[in-house]
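The following block contains a protein sequence and its predicted model.
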Amino acid sequence: MTNSITVAINKKLHDIIQLNPFDAVAILKFHDGHCSVEMVNTSATVLFNTQFTAGMDAVVFFKDAHWNQLQPCLNKQGEMHYVTLQNAKQIVVNMQPVTTSEGSYISVVMRLITNDVTAALEAQIETAKHLYFVEQYVDPVISLDLNGHIIYANIAAANKLAILGNQILGKSIFELIDEEYVGQFGPLFRNTLEGYPMGMPQCVLKNKMFSEEPVCLKTFPTYWDGKVIGAHIVIKNVDEFFNDREHHHFIVYQDELTGLFNRRALNEQWTMYSERQHEMNIALILVDLDRFKKFNESLGKNKADGMLYEVSKRFGQLRNEFCEVFRYNGDEFVFLVRYYAREEVEVIANEILRVLLEPFVVEEQEYFITASIGIASSVVGQPLELDKLLHRADQALFYVKNHGRSHYRFYRKEMSQAFPNEALIEAHLRRAIEFDELAVHFQPQIDLVTNRIDSFEALLRWNNKKFGAVPPSQFIPIAESSGLIIHIGDWILERVFQYQKEWRELGYRPVRIAINISPKQFKQEQFVSKIKHLLETYEIEPEFVELEITEGSMTNVHETSSILRHLKQLGVYVSVDDFGTGYSSLSYLKTYPIDIIKIDQSFIADIEKDKKNEAIIKAIILLSHNLGLEVVAEGVEEKNQEQFLKNNNCEKVQGYLYNKPLPVEKVIEQYFIN
Ligand code: C2E
Ligand code: CA
Ligand code: CA
């Protein structure tokens, strides 16, 4: 914090005194090894019960016994000291050098600790640093309570605003800020009360001189007993703002949107921690919000940002002296935790999941956010670099994402072998076709009315030389984000048509094959003509081709309608996959020419566990039938699920109860050769 305050005129010493409405303050001066007291405030005279005259001896003012305790603090200026007075009162003392044109002084700021909070003291000294820092400021300062009411303004502030200090007491800060800037100030003030010092590079304050000179504001939370009790606002000239190292610090280390510390702050914090790695365990918890992209897509950036702000607020509640949170990247957060036992880290990981349970409300609609969490630790005796920790946490996170999301995992060695990073997977995936590593498997769909099997779903399989079988849930998202899905998607389409032709030539009975189409593929300009071309080339009747699309393909009504209409003209079937997991699914059924809906596995898994889900399934089936659509239930694993679906007239089922997706030879063996 500030080590030396250089001020131009002696009058500024008064300001230092004025700036400390809550504390006892004395200004000391040294001459010839002799220490005198130049100035004090009333609180100081009360605290030491002394009649003050300017220039009196420090030993006299503070009294012998106290002075003996205070004197050693002079050698450690800028630090907090804990002193017990003769009357058993305890105080926190902070001494700072002050340089004025008249010479050098030392300010002594003393805060009385009223109740016996010895244990809490250390923590408080930590947080009190902000306060002392602000208190020693000679710039205009306004203090606010939690509601934004002005409880104090120093002389400099009164001068700046051309009003008497006590005339603005009790007023709301929002009355003081020009209308144009109020909107910007609101969130900034909220963040400050959450414990984050903030900065506003430009603002105009209403003042008696009607000057519109822009100023900049810096806000600091004020603490009492470890809790935020309000905020200080320091007013600076705009040009001073950027030269101010102290505050620069906060701007540089703060994430603009959320007010949390940013990635740079994480590096900084780590530098501090790394010196103590031999004596403490540190866990890095990497948190990634599940499928956050869909909020960006469906709600727009502003509202999604609003959600991130809310999430950050909840995460901010988990901060304490052992746990700090950083916004790492878009929707990724990092918690750094100092701990003794691993359970402490688990508690925090669970807390992170817990604070997200409450819905997030955007325009009166409730939304739910879940997070996946990967954890890596640097433990005493086996210290790790930040990079390494991040990498491991990322691998653990990756594992979680591929195992159902929405939970946490500690890094294990096997993860780095089985789950390499995304970049590596992408690199291998680029060569997958060339190296002949891809295959199509087929899962049968059972007609519950006739018990016949005359349709299958084609599912992609990737067997990589290095990583072995990589599940689609792991590589499809990478293929999507890298654009490789177009190339791979073309390959699957071609492959399925080839099989159809081969089977036909071998005299097998015709079956319908459903092919998963990714949104990127679906939205390609030539998509419809591609399908047309395949139908013609392989001479397959369109009724044996089904295209499974997801909600992600149907974001633009106009575009979607047009593509679907053209597909209808070709005569192929279109189904909606993972039905029920999106937002406005039901309206699709009416808007688009769709033939089949596939009820998502998650609903089926909850049959007999969740009555609400059962009601949803019934409603989906009923509605679909009314609209003339066929219904396929996915992920059927148990007899009772089948029974429920039968009772509710679901016509088709697919799932492990009947068969897993099978390689081509098996399909032929089991379903085509009798
Ligand atoms: P999906 O389209 O919802 O496919 C159904 C998934 O459920 C398949 O996982 C299937 O193996 C699995 N499954 C089938 N029956 C059961 C069951 O009874 N219980 C459980 N728990 N699971 C069952 P798979 O093959 O791992 O594929 C995962 C996802 O990857 C697919 O979900 C699909 O979104 C994507 N995918 C797979 N192949 C392709 C493809 O060729 N192209 C595209 N774009 N995506 C594909
Ligand atoms: Ca599917
Ligand atoms: Ca599905």
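Structure received. Numbering: from 1, shown residues only. Ligands and ions are numbered 1, 2, ... in the order given.

R263: how many residues sit nearby?
If you count neighbours by other Cβ atoms under 10 Å, R263 ends up with 15. For every residue, glycine as well, the C-beta is placed using N, CA and C.

contacts for stretch 317-328?
123, 126, 195, 255, 257-258, 260-263, 265-266, 269, 286, 312, 315-316, 333-339, 344, 348, 351-352, 355 (Cβ atoms under 8 Å, 6 or more residues apart in numbering).

And those, which of them are buried?
195, 255, 258, 260-262, 265-266, 269, 286, 312, 315-316, 333-339, 344, 348, 351-352, 355 (16 or more other Cβ atoms under 10 Å).

Narrow those residues to those in strands?
Judged by DSSP state E, the buried ones among the contacts of stretch 317-328 include 286, 333-339 as members of strands.

which of those lies closest to ligand 3?
L286 (28.2 Å; Cβ to the ion).

Model confidence for the closest one, exactly?
Per-residue pLDDT puts L286 at 97.

That one and A371 touch, don't they?
No - contact between L286 and A371 fails when scored by Cβ atoms under 8 Å: they sit 10.0 Å apart.

in this structure, what secondary structure element scores lowest on mean pLDDT?
Least confident helix or strand of the chain, by mean pLDDT, DSSP states H and E, is strand 5-6 with a mean of 32.

Tell me where the protein is predicted with low confidence.
1-23, 42-43, 112-139, 155-156, 162-167, 207-211, 223-226, 238-252, 416-420, 582-586 (pLDDT under 70).

which bits of it sit near ligand 1?
Counting by Cβ under 6 Å from any ligand atom, the residues of the chain lying close to ligand 1 are 443, 459-460, 471-473, 476, 489, 492, 516, 518, 577-578, 601, 634-637, 655-656, 661.

Just the buried residues out of the residues you listed, in PyMOL syntax.
Buried residues among these (16+ other Cβ under 10 Å), as a PyMOL selection:
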select buried, resi 443+459+460+476+489+492+516+518+577+578+601+634+635+636+655+661
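
burial count for S298?
Residues near S298, counting by other Cβ under 10 Å: 15.

Please renumber the chain so that the first residue is 100 from this point on.
Sounds good: first residue 100 from here, last item S397.

Can you point out the buried residues in the helix or strand where it lies?
In this assignment (DSSP states H and E), S397 forms part of helix 392-398. Using 16+ other Cβ under 10 Å as the test for burial, helix 392-398 gives 393-395, 398.

can the residues you listed go into a markdown table with extra columns for distance to D486?
What follows is the buried residues of helix 392-398, written out as a markdown table (distance: Cβ to Cβ, whole Å):
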| residue | distance to D486 |
| --- | --- |
| K393 | 30 |
| F394 | 30 |
| N395 | 28 |
| L398 | 34 |
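
related to what we said a few turns ago, which one among the ones in strands among the buried ones among the contacts of stretch 416-427 gets closest to V191?
Lowest distance from V191 to these (Cβ to Cβ) belongs to R437, with 24.0 Å.

which non-adjacent residue is nearest that closest one?
F421 (4.7 Å; Cβ to Cβ, 6 or more residues apart in numbering).

and that neighbour, how many residues sit next to it?
Using other Cβ under 10 Å: F421 sits among 14 other residues.

which residues in the stretch 550-699 of the chain form helices?
Here the stretch 550-699 of the chain has its helices, by DSSP state H, counting those that start in this stretch, at 571-581, 583-604, 618-621, 626-637, 656-669, 684-690.

so which of those is the most packed in?
Of all those, helix 618-621 carries the top mean neighbour count, a mean of 20, counting by mean count of other Cβ atoms under 10 Å.

helices or strands up against that helix?
The contact analysis (3 or more Cβ pairs under 8 Å, 6 or more residues apart in numbering; DSSP states H and E) places helix 618-621 against helix 583-604.

Helix 571-581 and the helix it packs on, what's the angle between them?
For helix 583-604 against helix 571-581, the angle by axes from the mean of the first three to the mean of the last three Cα atoms, to 10 degrees is 120 degrees.

Dump helix 583-604 to CSV, keeping only the CA atoms.
Coordinates of each C-alpha in helix 583-604 appear next as CSV, following Å, rounded to 0.1, in the frame of the first residue of the first chain:
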residue,chain,number,x,y,z
LEU,A,583,-14.3,-31.0,-38.9
ILE,A,584,-17.8,-32.1,-38.5
ILE,A,585,-18.6,-31.2,-42.1
HIS,A,586,-16.0,-33.4,-43.5
ILE,A,587,-16.8,-36.2,-41.1
GLY,A,588,-20.5,-35.8,-41.6
ASP,A,589,-20.1,-36.1,-45.3
TRP,A,590,-18.1,-39.3,-44.7
ILE,A,591,-20.9,-40.8,-42.6
LEU,A,592,-23.6,-39.9,-45.1
GLU,A,593,-21.7,-41.5,-47.9
ARG,A,594,-20.9,-44.5,-45.9
VAL,A,595,-24.5,-45.1,-44.9
PHE,A,596,-25.7,-44.8,-48.5
GLN,A,597,-23.0,-47.2,-49.5
TYR,A,598,-24.2,-49.8,-47.0
GLN,A,599,-27.8,-49.4,-48.1
LYS,A,600,-26.8,-50.1,-51.7
GLU,A,601,-24.6,-53.0,-50.7
TRP,A,602,-27.3,-54.6,-48.6
ARG,A,603,-29.8,-54.1,-51.3
GLU,A,604,-27.6,-55.8,-53.8
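
List the neighbours of that helix that are in contact with it.
525, 528-529, 531-532, 537, 539, 557, 559, 575, 577-578, 609-610, 612, 614-617, 619-620, 623, 629-630, 633-634, 636-639, 643, 763, 767, 771.

Ligand 3 next: which of those residues are close?
Among the contacts of helix 583-604, no residue is within reach of ligand 3 (Cβ under 5 Å from the ion).

Helix, strand, or coil at the closest residue to E450 other than its chain neighbours?
In this structure, E450 finds its nearest non-sequential neighbour in L417, 5.5 Å apart by Cβ to Cβ, 6+ apart. Here L417 takes the coil state, with states given by DSSP: H, G, I helix; E, B strand; the rest coil.

mind checking how far L417 is from ligand 1?
33 Å (Cβ to the nearest ligand atom, to the nearest Å).

What is the neighbour count of that residue?
18.

how about it, phi and psi?
phi -90, psi 0 (degrees, to the nearest 10).

ditto for I545
The phi/psi pair for I545 (degrees, to the nearest 10) reads phi -100, psi 130.
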